[in-house]
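Chemist: sequence and predicted structure are below.
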Amino acid sequence: MTAVYLAIVLAPLLSATVVGLFGAWLGRTGSHRLAIAGVGLSFGLSLVVAWDVFVRGAPVFDEAIYTWMVSDGIRLEIGFLVDSLTAIMMTVVTFVSLMVHIYTIGYMKDDPGYTRFFSYISLFTFAMLMLVMANNFLQLFFGWEAVGVVSYLLIGFWFKRPSAIHANLKAFLVNRIGDFGFLLGIAAVVMYTGSLAYSEVFAAAPDLVGQTMTIIGHYEWQVATVICILLFIGAMGKSAQVPLHVWLPDSMEGPTPISALIHAATMVTAGIFLVARMSPLFELSVAALSFVLVIGAVTALFMGLLGMVQNDIKRVVAYSTLSQLGYMTVALGVSAYAAGIFHLFTHAFFKALLFLAAGSVIIAMHHVQDMREMGGLRKYMPITYWTCLIGALALIGFPGFAGFYSKDAIIEAVHLAEIPGATFAWWAVLLGVFVTAFYTFRLIFMVFHGEERMDEHTRAHLHESPAVVTVPLILLAIPSVAIGALTVGPMLFGDVFAGVLVVAAERDVLAMLGEGYTGAWGFLLHGLQEPPVWLAAAGVFTAWVMYSWQPHLPARLVAATGPLYQVLVNKYWFDELYLKLLAPAGRAMGNAFWRFGDVRVIDGWIVNGSARAVGRLAGAARRMQTGFLYHYALTMIVGLALLLGWLLFVR
């Protein structure tokens, strides 16, 4: 199977390289065919791997492909770890990427950077596959940074727009903060375990219990806690958790296919995947788990609230992504790793669907994204409407849809947890259900129902998107409906993740939840009696009242809650905090280091100082070369006398 694994990661890399270098010669058609063939091959082979893992029960593959170097006994290798978690991630990444590649043909057909775009998204697919298939921290970090670099290129794809350049720079800088913590975490892993390989690190993990380190002052920190928090800081950057969330909404400046690829199913879920993969480490520290839990709960609720006041159709979906990532993080914090991965799995399909449906609307509206200029699109775009409605129902957890099973499982798991912060998290994710339903159907009613608010020219040219756009929507809508019911049993309560995700017995909330599991139908019937379903219904009803039945109510509500509305519109002033406080402080610190460290120490003392010292020494030596024979004879005699004195008296 080694050849299959290599083909999966190298196929999109090869197509990205060829399209990037020879796109002008291949032309548009040749470029997209080659890019789609590359990711299509990866998807097909990923299905083979999934069949091999889940049906045939193949053993875990954990081998190095080649060794780059060995330094002080630490092996720096490229290798693959293929187990149930990897197989799921590979299948999701390649399927969503394939849908995005096909969709891009219609969305980017008139863009002058058409071939460059296909090269970028194929390269992104390669980087994400390297990340999820890694069996060691070196390759993980390579994939981690590679998806960051390609996302920078994709967010700023329209590089002539100042807003796009600002957005990709913002994403790059914020992720550097998280990556700094991530790199420190990897360094701590190597320091205390002596290895980069997952298997060796996890085997040595029990020895970390009881070990402490001193960071500041004399206070002792548990080594396991420090390692896990540092690794999670990296996850906070990639998965956009508070306070490192500010880059994701602005990244909507990139083309819509990128929003679906990066911000639905792949890069932003890398942090969730990381914590789940590192479960043998996180289970050693309750403090780290509580930290993860609280950060996720804050993100789930408070980022969802921001989605209620957004008018840009893509930003509504973006804040929804932030909130749903918070739900996944909450699951990780209560040791319900399988529930977090299950929600990642189902969320990938319906969130990619919502982003691509938003892109279909944007195409029809001639790239107008303000929902206040839409309305009544249902009759013009029936396929987009019904597929978007399916995605919306899955997102709010409508009974029977994919999101119902994964979101309800997280809420129930948090309710059973006893870890510090669990009560706050339960209320946050429970209230988040109402918030999610409200902003989701606010979008549905403002875009597809009610009066038509677009200008006459736009109305005259409204029509459904071409098949190359709508077919991916239909293909994503199918799993958005059915995938939850089909997989809830094995993924949450079966042995799919046996030996892959490690959970301490005293914190195994999914095992407690599974005691009453009677199948997908029983799960659905039980869910109908629980608060989340009724809170979701209340959110939909409230959105219908305010944006369909009584559309004058939102303006009155804004007037009545002016200060609160301003808090939400200004996004809790996180951007101002970064721009006016943290960024100036960072620049001041950088200038200080530059002036003292670079200019004075490195340039002044080391580089220029060493040059001056050599010059002075050469000048002194030059003065010794007089050209007179008696000077040289005297020097030789003095030297000989010193040498004889040392031999006779010193030795």
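Modeler: Nice, thanks for sending it over.

Chemist: helices of the stretch 101-250 of the chain, residue ranges please.
Modeler: With DSSP state H, counting those that start in this stretch as the criterion, the stretch 101-250 of the chain has helices at 114-132, 137-155, 162-193, 198-204, 223-238, 247-250.

Chemist: for the ones you listed, give me a markdown table that also has distance to residue 517 and mean pLDDT.
Modeler: Where C-beta positions appear, they are placed from N, C-alpha and C, glycine not excepted. Shown next, in a markdown table, are the helices of the stretch 101-250 of the chain (distance: least, Cβ to Cβ, whole Å; pLDDT from 0 to 100):
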| stretch | distance to residue 517 | mean pLDDT |
| --- | --- | --- |
| helix 114-132 | 28 | 94 |
| helix 137-155 | 33 | 93 |
| helix 162-193 | 35 | 92 |
| helix 198-204 | 29 | 94 |
| helix 223-238 | 29 | 95 |
| helix 247-250 | 34 | 88 |
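
Chemist: can I get the ones you listed in CSV including distance to residue 295 and mean neighbour count?
Modeler: Formatted as CSV, those follow (distance: least, Cβ to Cβ, whole Å; neighbours: other Cβ atoms under 10 Å):
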stretch, distance to residue 295, mean neighbour count
helix 114-132, 21, 26
helix 137-155, 19, 22
helix 162-193, 12, 18
helix 198-204, 24, 16
helix 223-238, 7, 25
helix 247-250, 15, 24
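
Chemist: so which of those is nearest residue 326?
Modeler: Closest approach to residue 326 among the helices of the stretch 101-250 of the chain (Cβ to Cβ): helix 223-238, 11.0 Å.

Chemist: excluding chain neighbours, what is closest to residue 158?
Modeler: With sequence-adjacent residues excluded and distances taken as Cβ to Cβ, 6 or more residues apart in numbering, residue 158 is closest to residue 164, at 4.8 Å.

Chemist: now do the contacts for that neighbour.
Modeler: Each residue near residue 164 by Cβ atoms under 8 Å, 6 or more residues apart in numbering is listed here: 155-158, 253-254.

Chemist: how far away is it from residue 116?
Modeler: Distance, residue 164 to residue 116, using Cβ to Cβ, to the nearest Å: 14 Å.

Chemist: all strands of the chain, in order?
Modeler: With DSSP state E, the ranges of strands along the chain come out as 61-71, 74-82, 212-214, 220-222.

Chemist: what's the most buried one of those strands?
Modeler: Mean neighbour count (mean count of other Cβ atoms under 10 Å) peaks for strand 74-82 among the strands of the chain, with a mean of 20.

Chemist: how far does that one sit from the chain's center?
Modeler: Mean-position distance between strand 74-82 and its chain equals 22 Å (Cα atoms, centre = their mean, to the nearest Å).

Chemist: and if you look at stretch 491-502?
Modeler: With Cα atoms, centre = their mean, you get 23 Å for stretch 491-502.

Chemist: need the longest helix for the protein.
Modeler: helix 2-50 (DSSP state H).

Chemist: which neighbouring elements make contact with it?
Modeler: Secondary-structure packing of helix 2-50 (3 or more Cβ pairs under 8 Å, 6 or more residues apart in numbering; DSSP states H and E): strand 61-71, strand 74-82, helix 84-107, helix 114-132.

Chemist: strand 61-71 and the longest one, what's the angle between them?
Modeler: Spelled out, it's helix 84-107. 90 degrees (axes from the mean of the first three to the mean of the last three Cα atoms, to 10 degrees).

Chemist: quick check: the residue nearest to residue 158 vs residue 124, distance?
Modeler: Residue 164 is 17 Å from residue 124, by Cβ to Cβ.

Chemist: ok, now residue 10?
Modeler: For residue 10, the distance to residue 124 - Cβ to Cβ - is 15 Å.

Chemist: ok, now residue 453?
Modeler: Taking Cβ to Cβ as the measure, residue 453 falls 36 Å from residue 124.

Chemist: poorly predicted segments of the stretch 551-651 of the chain, please.
Modeler: Residues of the stretch 551-651 of the chain that meet the criterion pLDDT under 70 lie in 650-651.

Chemist: okay, helices next: where are they in it?
Modeler: Counting by DSSP H, counting those that start in this stretch, the helices of the stretch 551-651 of the chain are 553-560, 562-569, 574-577, 583-593, 608-624, 629-645.

Chemist: quick one on the thing from earlier: dump the contacts of residue 164 to CSV, plus distance to residue 595.
Modeler: Converted to CSV, the contacts of residue 164 look like this (distance: Cβ to Cβ, whole Å):
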residue, distance to residue 595
155, 33
156, 31
157, 37
158, 37
253, 35
254, 37
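
Chemist: among these, which ones are buried?
Modeler: Neighbour-count burial (16 or more other Cβ atoms under 10 Å) applied to the contacts of residue 164 gives 155-157, 253-254.

Chemist: list the residues that contact the residue nearest the centre of the chain.
Modeler: Taking Cα atoms, centre = their mean, the centroid of the chain lies closest to residue 268, which sits 2.0 Å from it. Applying Cβ under 8 Å, 6+ apart to residue 268 gives the contacts 238-240, 248, 262, 321, 325.
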